[in-house]
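Participant: need a structure here:
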Amino acid sequence: MKFFETTMKVRDYECDAQGVVNNANYLHYFEAARHECMEFCGLRLRDLTEQKILPVVRNVQISYKHSLRGSDTFLSRVYAEREGLKYIFKQEICLLPEKKLCAKGIIEVVCLIDGKLAEPLLFDEVFKDYIVWR
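Facilitator: Okay, here's the model as predicted:
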């Protein structure tokens, strides 16, 4: 299995009063990593929306393991499983340099074309290196 990986850095304004990243920001990190993966594979969200092709988050599950703090650098990893009409993105956030697991996410995404649920054939081709078929 091949992961897409990107490195990111915590911005101080993403932290709460205790100095740790607010839990909601992990969802932003996961989304940013998926968008980076899309662009790396040759897709831009704005181009898709102009074609009325919308990847839509259907469900999110996040497990928190270790807190990130301001100015931490972390690795965000992404791979996807395809199940019927949905992609199930398995994602991890790991503190660098030790790669300590901070959060795991399972994000289900479906594809709307012209406002209707559709088989994401375009994504199958583009993400072929990062998909595990179920």
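
Participant: For the lengthiest strand in the chain, buried residues please.
Facilitator: Ranked by residue count, the top strand of the chain under DSSP state E comes out as strand 100-113. Neighbour-count burial for strand 100-113 flags 102-105, 107-111, 113 (criterion: 16 or more other Cβ atoms under 10 Å). All C-beta atoms are positioned from the backbone trio N, CA, C, and that covers glycine.

Participant: ok, now stretch 4-11?
Facilitator: Buried residues in stretch 4-11 (16+ other Cβ under 10 Å): 4-6, 8, 10.

Participant: Closest one of those to Tyr79?
Facilitator: Checking the buried residues of stretch 4-11 against Tyr79 by Cβ to Cβ gives Phe4 as the nearest, at 7.0 Å.

Participant: For Val126, see how far away that closest one is.
Facilitator: 12 Å (Cβ to Cβ, to the nearest Å).

Participant: now do Leu68
Facilitator: Going from Leu68 to Val126 by Cβ to Cβ gives 30 Å.
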